[in-house]
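> Prediction below, plus the sequence it came from.
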Amino acid sequence: MNVTQLAAFDTAHAARMLSAVREATLSGQRAPLAPRPVIEDSWGRMLRGGVDPDHDFRSGLLTPDEVRRRREESPLLPVLPVLREGLLSVADAARHIMVVADADARVLWREGSVPVLRRADSLGFEIGADWREHVVGTNGVGTPAVVRRPVQVFASEHFVRSHTTWTCAGAPITDPRDGRLIGVVDVSGPLETMHPATLAWVDAVAKLAEARLRELHLTSLERLRAVAAPVLARVGGRALVMDRDGWTAAVTGVPYTSRTALPKSLSAGRRWLPGLGPCSLEPLAGGWLVRAAADRPQQRAGTRIVLDLTQPRRWSVAVSGGAGEWCRELSPRHAELLFLLARRPAGRSAAGLAEDLFGDGGRTVTVRAEMSRVRRYLEGFLEHRPYRFCEDLDVEVLLPDDPDDLLPHSSAPAVRAARRAGSP
């Protein structure tokens with residue numbers, strides 16, 4: 001059912017239809033219409049997690065001091081003016097509020113229509129509230145944080161009954177340096193204020209915020225480049241200067257690559273880095289001086305790759321072998337791609353991966369762009385035409401105990417089929 005189109009013409013009728021769908025689905029009966037896939041998947045997570053749809057459970061609010069600390073340390077703080085400028089004036093006029101939450105779905109900022117703010121208080125939608133999906137059910141903050149894409153939740157698409165008089169549209173904001181989720185921006189209001197264009201509007205402003213973060217990162221790289229120039233001028237051999245996230249500021253004696261995959265924790269001394277091999281690292285203001293060894297060992301000899309999908313939101317790939325070992329946390333999309341490649345040792349074309357991910361073999365441009373990013377940190381371990389792991393690698397996939405917990409954010413047809421089959 002196209003909820004947004006129906007609600008645009010008759011909000012009350014759309015709400016009644018969704019109420020019937022929700023009641024039938026939660027009671028195990030045949031629903032008059034199927035819920036949207038993103039909502040159906042979320043409801044499934046709530047039922048498996050034991051969330052009570054008739055009980056409005058709220059965890060304790062953060063203390064004012066903790067809210068203040070999180071605000072000061074939040075990577076969203078520099079883009080708060082972008083969010084306010086893009087959302088607040090329209091939100092207030094449309095009887096909405098703007099809510100900004102951190103990566104833990106804790107509400108840090110909340111502004112907009114005063115009457116709607118008071119109504120949000122009655123739902124527990126307050127500063128410091130925990131709005132994670134497994135705490136308050138399907139919603140416009142917690143659900144985008146899980147699925148990592150914009151989501152509109154209207155009326156009885158909310159899992160918990162007390163929220164079914166509410167409508168919200170939320171979009172995740174990711175750090176352009178590493179793809180890490182850093183927060184969610186949401187626009188919410190009473191049921192009758194629902195508009196089909198709200199989700200696109202919120203998503204556009206979230207992307208503006210990410211663009212601003214990208215500008216700030218480029219500025220910091222320029223500052224580091226100014227520090228790097230005299231340092232590299234005195235260094236002989238192969239070396240580069242990178243920031244603390246692995247982005248390259250300057251190089252000498254090595255091919256330029258925009259980014260190097262770094263271990264989760266990095267300290268000065270001898271290390272092994274993908275694409276460079278054995279290196280020595282020295283701290284610089286805002287980054288690292290990396291001196292690469294003169295000789296690079298064969299990277300793939302006896303190499304083992306472990307794709308760990310056991311955690312619900314923290315997926316990783318670990319590489320170990322004679323040349324060293326390292327581990328990298330994966331974005332949702334990269335976790336999907338590597339899982340699909342691990343299932344297909346013979347390889348998959350760009351069109352095949354597009355079909356697996358989107359059910360549309362024509363979306364090859366998106367697949368090629370993502371695979372290009374994956375190959376930046378798995379250089380030497382992935383082949384292309386077709387995309388596949390190299391034959392001489394030992395590839396292992398660690399799966400969750402419950403097949404339904406396999407990449408729960410994913411709506412990719414091939415991943416959903418793997419969940420239903422109960423095995424990869």
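That came in fine, so what should we check first?
> residues contacting the closest residue to His409 other than its chain neighbours?
Nearest non-adjacent residue to His409, counting by C-beta to C-beta, 6 or more residues apart in numbering: Val147, 4.4 Å away. For glycine as for every other residue, the C-beta is placed from the backbone atoms N, C-alpha and C. Counting by C-beta atoms under 8 Å, 6 or more residues apart in numbering, Val147 touches Val38, Asp41, Ser42, Pro332, His409, Ser411.
> I figured the fourth one was touching Ala412, is that so?
No: Pro332 is beyond contact range of Ala412, at 10.0 Å (criterion: C-beta atoms under 8 Å).
> What separation is there between Ser74 and Ala91?
Distance of Ser74 to Ala91, computed by C-beta to C-beta, to the nearest Å: 20 Å.
> Of the two, which one has the most company?
The neighbour comparison of Ser74 against Ala91 (other C-beta atoms under 10 Å) goes to Ala91, with 25 against 19.
> helix/strand/coil for the more buried one?
helix (DSSP: H, G, I helix; E, B strand; the rest coil).
> Identify the residue nearest the residue positioned nearest the centre of the chain in space, chain neighbours excluded?
Centroid-nearest residue in the chain: Arg148, 4.2 Å away (criterion: C-alpha atoms, centre = their mean). Excluding the flanking residues, the one nearest Arg148 by C-beta to C-beta, 6+ apart is Pro332, at 4.5 Å.
> Let me see the contact set for Ala350.
Contacts of Ala350 by C-beta under 8 Å, 6+ apart are Thr364, Val367, Arg368, Met371, Tyr387.
> Skipping adjacent residues, who's closest to it in space?
Thr364 is the one closest to Ala350 (C-beta to C-beta, 6+ apart), at 4.1 Å.
> what's that neighbour sitting at in phi/psi?
Backbone dihedrals for Thr364, given as degrees, to the nearest 10, come out at phi -80, psi -30.
> hang on, it packs against Ala354?
Yes: between Thr364 and Ala354 there is a contact under C-beta under 8 Å: 5.3 Å.
> Could you pull out the residues contacting both of these two?
Applying C-beta under 8 Å, 6+ apart, one finds that no residue jointly contacts Thr364 and Ala354.
> buried set for the helix or strand hosting Glu72?
Taking DSSP states H and E as the definition, one finds Glu72 inside helix 64-73. If you call a residue buried by 16 or more other C-beta atoms under 10 Å, then helix 64-73 has these buried ones: Val67, Arg70, Arg71.
> shouldn't the second one be in contact with Ala101?
No: the pair Arg70 and Ala101 fails to qualify as a contact (C-beta under 8 Å) at a distance of 10.1 Å.
> Now do the shared contacts for those two.
Contacts common to Arg70 and Ala101, judged by C-beta under 8 Å, 6+ apart, are Leu108.
> Tell me the spacing between Cys168 and Val116.
In terms of C-beta to C-beta, Cys168 sits 11 Å off from Val116.
> likewise Leu398?
The spacing between Leu398 and Val116, counted by C-beta to C-beta, is 45 Å.
> Share the number of residues neighbouring the residue lying closest to Asp401 once chain neighbours are set aside, please.
Leaving aside its sequence neighbours, Asp401 sits nearest to Thr310 (C-beta to C-beta, 6+ apart; 7.9 Å). Neighbourhood size, Thr310 [other C-beta under 10 Å]: 14.
> Does Thr310 fall in a helix, a strand, or a coil region?
Of the three states, Thr310 takes coil under three-state DSSP.
> State the distance from it to Glu329.
13 Å.
> With Ala412 instead?
Taking C-beta to C-beta, one finds Ala412 at 20 Å from Glu329.
> Those two: which has the busier surroundings?
Ala412 (22 against 16).
> got any residues that touch both of Cys168 and Val116?
Counting by C-beta under 8 Å, 6+ apart, the common neighbours of Cys168 and Val116 are Ser188, Gly189.
> So between these two, which is more surrounded?
For the pair Cys168 and Val116, the greater number of neighbours falls to Cys168 (30 against 21), based on other C-beta under 10 Å.
> Contact partners for Pro283?
Counting by C-beta under 8 Å, 6+ apart, Pro283 makes contact with Ala268, Leu289.
> switch to 6 Å and redo it
Listed by C-beta atoms under 6 Å, 6 or more residues apart in numbering, the contact set of Pro283 reads Ala268.
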